[in-house]
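Trainee: pasting the structure only:
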């Protein structure tokens, strides 16, 4: 018997507009089902071997979303098996089809909403600012964040960057070293 276990990243949440960064959680998995949350990260950039990012305190939102997604998929599979049994059973009535079909449709809608609904997928401005401090985003990134949330126009951000460069040229160029 083969047992598949290890670690995986799941629960992608708190995306910042423009793809600046998002949050994921590293889980201990069994058969690719994220079970045990180990650490959460702000992902700054995806790489072929993983990502560049910074570890943050465990994100309950990321953990909850990962588990909700797994539950939805697992429950839809169970509904599919029930529907398959109802299709094979000659005595199956209409309600043997309707109940599992409705439940599967609701689960599918819930699964899609975890990816599309802003409360799950998108970071609020305040949360994005907090994540930016965890990731030690530089001045250029901070101004890009302001533009992404409509707090500054691109022209205002350029003017502010020019002002900061004039005041302290070295401060604008400092960038945090990401942790893999």
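Mentor: Here it is on my side, so go on. If you're wondering where the values come from, they're calculated on a predicted model, not measured in any experiment.
Trainee: all contacts plus neighbour counts: C-alpha atoms, from now on.
Mentor: Noted.
Trainee: scan the protein for its longest strand.
Mentor: strand 33-47 (DSSP state E).
Trainee: buried ones in that strand, by neighbour count?
Mentor: With burial defined by 16 or more other CA atoms under 10 Å, the residues of strand 33-47 counted as buried are 33, 34, 35, 37, 39, 40, 41, 42, 43, 44.
Trainee: report pLDDT for the fifth one.
Mentor: At residue 39, the pLDDT value in this model is 95.
Trainee: ok, it - contacts?
Mentor: 25, 26, 27, 55, 56, 57, 58 (CA atoms under 8 Å, 6 or more residues apart in numbering).
Trainee: kindly recompute the last result at 6 Å.
Mentor: Residue 39 sits next to 25, 26, 58 when contact means CA atoms under 6 Å, 6 or more residues apart in numbering.
Trainee: for the last one, which non-adjacent residue is closest in space?
Mentor: Using CA to CA, 6 or more residues apart in numbering and skipping the chain neighbours, the partner closest in space to residue 58 is residue 40 (4.9 Å).
Trainee: quick one: low-confidence parts of this structure?
Mentor: Counting by pLDDT under 70, the chain has low-confidence residues at 94-95, 169-180.
Trainee: gap between residue 74 and residue 116?
Mentor: To residue 116, residue 74 is 20 Å away according to CA to CA, to the nearest Å.
Trainee: next: residue 4.
Mentor: For residue 4, the distance to residue 116 equals 30 Å [CA to CA].
Trainee: and for residue 83, the neighbour number?
Mentor: Using other CA atoms under 10 Å, residue 83 has 20 neighbouring residues.
Trainee: next SSE after the longest strand of the chain?
Mentor: Counting by DSSP states H and E, the element after strand 33-47 in chain order, helix or strand, is strand 50-56.
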